[in-house]
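> predicted structure and sequence below. I'll ask about it afterward.
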Amino acid sequence: MQKVLLLGSTGSIGQSALNCIQRFSQRFKICALAAGSNCARLIDQIERFSPEAVYFADGNGLEVIKNRYGQRLKIFEGPDGLESLVNSIPCDIMINALVGAVGLRPTVAALKQKRRVALANKESLVIGGDYIRLLLSQGYGELIPVDSEHSAILQCLNGSSHSSIESIILTASGGPFRNLPDGQFSAITPDQALKHPTWAMGKKITIDSATLMNKGFELIEAHHLFNLSYDFLRVWVHPQSIIHSLVEFHDGAILAQLGLPDMELPIQYALSFPERYPMHGKRLSLPEIRSLDFAEPDMDKFPCLKTCIDAGKTGGTAPAAVNAANEIAVEAFLSGKIKFTDIAGITAYALRNHKPVPADSLEVIELADREIRKNILDSYLSESTR
């Protein structure tokens, strides 16, 4: 029986992870849950999975949790609560399904405890990839990707020699605006951007998919996960979201991992790796799909992808600056303060004006993150209206 600590339990990834754990309740046991704001859903999860500890971020909901479970559970709270939870509650596997830079410290804490981290929190590697790679090289913990694209790459490599890789190809659905003329992008509304054609995800990730920022972040992740130069990393737009990624080898062979657009398979694989556990349900039928389409991404139409690549190649704290600016921009777009096209403008502005330094400690990374968040929106809006 392996103990699992789940961060982000009430989000879409967290709920899928709990489905996997419930499916194999003889192998996995939830020892702790962490959530942000959905108190009712967290209470339901506590009743179903009986953890020994919880973290909850929302102040009002926290009082409800304390009143109901204060005698039964260890309850963590506050800005250091996530890290304290990870350091205090023993587990075999930590699933990090948090959204945003808040996920970095728990990832680092779990690795330092030499645990397996099943990572769905992109930002851990986007902003802290250099530092995390250093920890892994020193023998701290194990990192298994949960993103469908990186899970696909892991499955395709399957022990192949690193030197035999010619390129890694990440696929992107292209989001809801793949065929929309770029002249109409400034009129895109939050409701339109939240209607993803193939995946069911949280709001922030759905917007990132619409801008292709998500794919840029995944390129940075792939760079760190598989220790490859950006020259080896490519993106193909694949609207059906059936092929999740491909690996091209130096003899010309290309291996691809195919599956329905459902996150339970990569989550389950991260839990069971290197084994494969059975899963019942609908199977992929290529005759039903009939055709698979591919195209090169349009960098002019989706400049966020190029901004991410530039940040990754620049290195140091540059990706942290872009990530922080993007989090602020997405929040501003969803609240109606800026246009859809301003997301790309703000992130590019942040990269242009940031002076990167080596991202070799949590303190340096978090300082860069705070500095960008402090005034990026006001600075950009001020400059753009001159």
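Yep, it's here.
> domains for the chain, by residue range?
According to automatic domain parsing, the chain comprises the domains 2-145, 150-384.
> possible to save those as TSV with mean neighbour count?
Where you see a C-beta, it was placed from the backbone N, CA and C, and this is true even at glycine. As requested, the domains of the chain are exported to TSV (neighbours: other C-beta atoms under 10 Å):
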stretch	mean neighbour count
domain 2-145	20
domain 150-384	18
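> could I get the ones you listed in TSV, plus columns for mean pLDDT?
Shown next, in TSV, are the domains of the chain (pLDDT from 0 to 100):
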stretch	mean pLDDT
domain 2-145	96
domain 150-384	94
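> CA-only coordinates of stretch 124-144 in PDB, if you can.
Taking Å, rounded to 0.1, in the frame of the first residue of the first chain, the C-alpha atoms of stretch 124-144 are listed here in PDB:
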ATOM      1  CA  SER A 124       7.500  24.000 -11.000                       C
ATOM      2  CA  LEU A 125       9.700  23.200 -14.000                       C
ATOM      3  CA  VAL A 126       9.000  26.400 -16.000                       C
ATOM      4  CA  ILE A 127      10.300  28.700 -13.200                       C
ATOM      5  CA  GLY A 128      12.400  26.300 -11.200                       C
ATOM      6  CA  GLY A 129      13.600  23.800 -13.800                       C
ATOM      7  CA  ASP A 130      17.300  24.600 -13.300                       C
ATOM      8  CA  TYR A 131      17.100  24.200  -9.600                       C
ATOM      9  CA  ILE A 132      15.000  21.000  -9.700                       C
ATOM     10  CA  ARG A 133      17.400  19.400 -12.200                       C
ATOM     11  CA  LEU A 134      20.200  20.200  -9.700                       C
ATOM     12  CA  LEU A 135      18.300  18.400  -6.900                       C
ATOM     13  CA  LEU A 136      17.600  15.400  -9.100                       C
ATOM     14  CA  SER A 137      21.300  15.200 -10.200                       C
ATOM     15  CA  GLN A 138      22.200  15.100  -6.500                       C
ATOM     16  CA  GLY A 139      19.900  12.100  -5.900                       C
ATOM     17  CA  TYR A 140      16.900  13.900  -4.400                       C
ATOM     18  CA  GLY A 141      13.600  12.200  -5.300                       C
ATOM     19  CA  GLU A 142      12.100  11.100  -8.600                       C
ATOM     20  CA  LEU A 143      10.100  13.200 -11.000                       C
ATOM     21  CA  ILE A 144       7.400  11.500 -13.200                       C
END
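> use 28 as the first number for this chain going forward.
Noted, 28 is the first residue going forward, which turns the last one into stretch 151-171.
> just how off-centre is it within its chain?
Counting by C-alpha atoms, centre = their mean, to the nearest Å, stretch 151-171 is centred 15 Å from the centre of its parent chain.
> same thing with stretch 262-269?
Per C-alpha atoms, centre = their mean, the centroid offset for stretch 262-269 relative to its chain is 18 Å.
> I'd say residue 236 and residue 204 touch.
No - at 10.0 Å, residue 236 does not count as touching residue 204 under the criterion of C-beta atoms under 8 Å.
> so what touches stretch 65-73?
Residues outside stretch 65-73 that contact it (C-beta atoms under 8 Å, 6 or more residues apart in numbering) are 36-37, 45, 60, 62, 78, 81, 83, 85, 87-88, 91-92, 95-96, 100.
> same check on stretch 401-413?
By C-beta under 8 Å, 6+ apart, stretch 401-413 touches 351-352, 355-356, 359, 364-365, 369, 372-373, 376-377, 380.
> spatially nearest residue to residue 321 (excluding sequence neighbours)?
residue 263 (4.9 Å; C-beta to C-beta, 6 or more residues apart in numbering).
> picking up where we left off before, which two of the contacts of stretch 401-413 have the greatest separation?
Distance extremes for the contacts of stretch 401-413: the farthest pair is 364 and 380 at 20.0 Å, using C-beta to C-beta.
> the helix or strand that residue 145 is a member of packs against which elements?
Element membership for residue 145, per DSSP states H and E: strand 143-146. Secondary-structure packing of strand 143-146 (3 or more C-beta pairs under 8 Å, 6 or more residues apart in numbering; DSSP states H and E): strand 120-123, helix 131-139, strand 169-172, helix 291-299.
> which strand or helix spans the residue nearest to residue 321?
Residue 263 belongs to strand 260-264 when elements are defined using DSSP H and E.
> quick one, what contacts residue 101?
79, 80, 81, 115, 116.
> secondary structure and distance to residue 50 for those - can I get that in JSON lines?
Formatted as JSON lines, those follow (DSSP: H, G, I helix; E, B strand; the rest coil; distance: C-beta to C-beta, whole Å):
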{"residue": "79", "secondary structure": "coil", "distance to residue 50": "21"}
{"residue": "80", "secondary structure": "strand", "distance to residue 50": "23"}
{"residue": "81", "secondary structure": "strand", "distance to residue 50": "22"}
{"residue": "115", "secondary structure": "helix", "distance to residue 50": "28"}
{"residue": "116", "secondary structure": "coil", "distance to residue 50": "23"}
